[in-house]
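Student: I need the structure of the sequence given here:
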Amino acid sequence: QVQLVESGGGLVQSGGSLRLSCAASGSILRLNVMGWYRQAPGKQRELVAVMTSDGSTNYADSVKGRFTISRDNAKNTAYLQMNSLKPEDTAVYYCKAEGIRRNDFTSFGSWGQGTQVTVSS
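Tutor: Modelled structure (predicted):
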């Protein structure tokens, strides 16, 4: 199995910054894509940012220029640096990883448990 553990959420004032971390562990041969999604109350889960193993990135329009996704492939860890936070960024942030398992070479897609980010006005 592959497990994802997120950390770094919390309460911050509008205009502030937070950095989320997502550490993947388990039977991992390769992590192809790591990404961040968020879900606000009453809304559907939406993509925030994703990064492939070769460094390609994709961001939601609402976070471009404010959020930056990065990866440490040696540590199987992804980060989301969030700057200039706005109240509308308030949500539970989930990490997702897709890759290949080491034990049987099958593909997987795993979600973390989520971390709350609250931005006060």
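
Student: what about the spatially most central residue of the chain, distance to residue 114?
Tutor: Nearest residue to the geometric centre of the chain (Cα atoms, centre = their mean): residue 36, 2.7 Å. From residue 36 over to residue 114 the distance is 11 Å, taken as Cβ to Cβ, to the nearest Å. No exception for glycine: its C-beta is placed from N, CA and C like everyone else's.

Student: who touches both of these two?
Tutor: Overlap of the contact sets of residue 36 and residue 114 (by Cβ atoms under 8 Å, 6 or more residues apart in numbering) consists of 93, 94.

Student: could you check the pLDDT of the residue nearest to residue 110 when sequence neighbours are not counted?
Tutor: Of all residues not flanking residue 110 in the chain, residue 2 sits nearest, at 4.6 Å (Cβ to Cβ, 6 or more residues apart in numbering). You'll see residue 2 listed with a pLDDT of 94.

Student: now do the contacts for residue 2.
Tutor: Contact analysis of residue 2 by Cβ under 8 Å, 6+ apart lists 24, 25, 26, 27, 28, 97, 99, 101, 108, 110.

Student: hmm, try it at 7 Å
Tutor: Contact analysis of residue 2 by Cβ atoms under 7 Å, 6 or more residues apart in numbering lists 24, 26, 27, 28, 97, 108, 110.
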